[in-house]
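1. got a sequence here, can you model it:
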Amino acid sequence: MKICVYGAGAVGGHIAGRLGAAGADVSVVARGRHLAAIQQHGLRVETRDGELVTHPTATDRPGDLEPQDLVIVAVKAPALPAIAEHIGALLKNDGLALFVLNGIPWWYFHAHGGPLDGTRLSRLDPEGALWDHVRPERAVGAVAYTAGSMPAPGVIRAENPRNRLLLGRPDGTADARLDELSALLNPGGLEVAVTPKIRDAIWAKLTMNLIGGSLAVLSASPMKDVLDKPAVAGTAKAMATEAAAIARALGCYPGSPEEGLTKLAQSGHLQSIAQDLAAGRPMEIDAMFRIPLDLAERLQVPTPNLDLVIELATQRARAADLYQDSGR
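-> Predicted coordinates:
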């Protein structure tokens, strides 16, 4: 199975390094100094269990690669429409594009069932490039629980002692290629599970991103330094309750928000969206913040606490010139 990791940053580079260490036929699409370092010295992944050094085929020209069975897309949501045609061209006709994303993915309502089935999310795919070039029937959802950073070009630091990846197709069907990916990654320390209910997994993490991401943008702090304040903790609990109500209105059951809040309150890792703000990078405001509130409004789910905190976080992004409303 030929696998390309499109976007070899903290998450994508970690996955690519694990695949390379497992002997997979893997390539990466990267750019700039990071690409040059991988080409010259290999990809180095620092884990709690030691260092992995691999030498994947690395390029900034995806058209130079052979057609792929699986493309693991690990770039931020705002960048996806611009590379949709490249992703589609990389795939074999029956290949799969696995999107490792925070927030609501562009394909969310494909094979959803019910009155919203087939709904397109124009905030995420304004010209329909992802829908047309990648095609939602070739999409796979992925939820990653792996904190990481890039301390130097060509170097990925995996910070979590435990790293997990949940995978699933929108229609819930099984796929041997996902099982093969799981078999490649599990022995090396990246726990992979395939689920028929990927939307439940998306909402479980999204609930924590709605809280942790927005509060981190406002406070520039990891959640262990924020959620120890009773007033903030109370608001966070109310936000979690509202997020769970949106999920249930969409037919999802993401589990106990209290358990997620407990883990969030222990986290010393600064949320990625706050890292993007500090670094001046485009922020995943639509996928993580605006679309969940759009859906709440459409479904008539009251979200007063989320509305306030998310609006403030969105304004912080606007003030930094890192977000412009793209509409619905």
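
2. contacting residues around the residue lying closest to residue 123 once chain neighbours are set aside?
-> Nearest non-adjacent residue to residue 123, counting by Cβ to Cβ, 6 or more residues apart in numbering: residue 286, 4.3 Å away. Every residue, glycine included, has its C-beta placed from N, CA and C. Contacts here follow Cβ atoms under 8 Å, 6 or more residues apart in numbering; on that basis residue 286 touches 77-78, 103, 123-124, 326.

3. state the distance from residue 286 to residue 105.
-> 11 Å (Cβ to Cβ, to the nearest Å).

4. between the two, which contacts overlap?
-> Joint contacts of residue 286 and residue 105 (Cβ under 8 Å, 6+ apart) are 77, 124.

5. quick revisit: now do the SS call for the residue nearest to residue 123.
-> With DSSP: H, G, I helix; E, B strand; the rest coil as the basis, residue 286 sits in helix.

6. what's the answer for residue 58, then?
-> Going by three-state DSSP: residue 58 is strand.

7. then residue 192?
-> Classified using three-state DSSP, residue 192 is strand.

8. so it sits against residue 181, correct?
-> Yes: using Cβ atoms under 8 Å, residue 192 is in contact with residue 181, at 6.6 Å.

9. mind listing the shared neighbours of those two?
-> Common neighbours of residue 192 and residue 181 (Cβ under 8 Å, 6+ apart) are residue 167.

10. comparing the two, which residue is more hemmed in?
-> residue 181 (28 against 20; other Cβ atoms under 10 Å).

11. in a helix, that's where that one is, yeah?
-> Yes: assigned with three-state DSSP, residue 181 falls within a helix.

12. my read: residue 139 touches residue 109, true?
-> No: with contacts counted by Cβ under 8 Å, residue 139 stays clear of residue 109, the gap being 11.5 Å.

13. the more surrounded of those two?
-> residue 139 (23 against 20).

14. quick check: closest non-adjacent residue to the more buried one.
-> Counting by Cβ to Cβ, 6+ apart, residue 107 is the residue found nearest to residue 139 once chain neighbours are left out, at 4.2 Å.

15. can you pull the phi/psi pair for that neighbour?
-> phi -90, psi 10 (degrees, to the nearest 10).

16. find the nearest non-adjacent residue to residue 172, please.
-> Per Cβ to Cβ, 6+ apart, closest to residue 172 is residue 196, 3.9 Å.

17. residues making contact with the top strand by length along the chain?
-> When the chain is parsed with DSSP state E, its longest strand is strand 91-100. For strand 91-100, contacts defined as Cβ under 8 Å, 6+ apart pick out 11-12, 15, 67-74, 80, 87-88, 105-107, 134, 138-142, 144, 165, 167, 175, 177-178, 181.

18. run the chain-centre distance for it.
-> Between the centre of strand 91-100 and the centre of its host chain there is 16 Å, according to Cα atoms, centre = their mean, to the nearest Å.

19. likewise stretch 19-31?
-> That offset, for stretch 19-31, works out to 19 Å (Cα atoms, centre = their mean).
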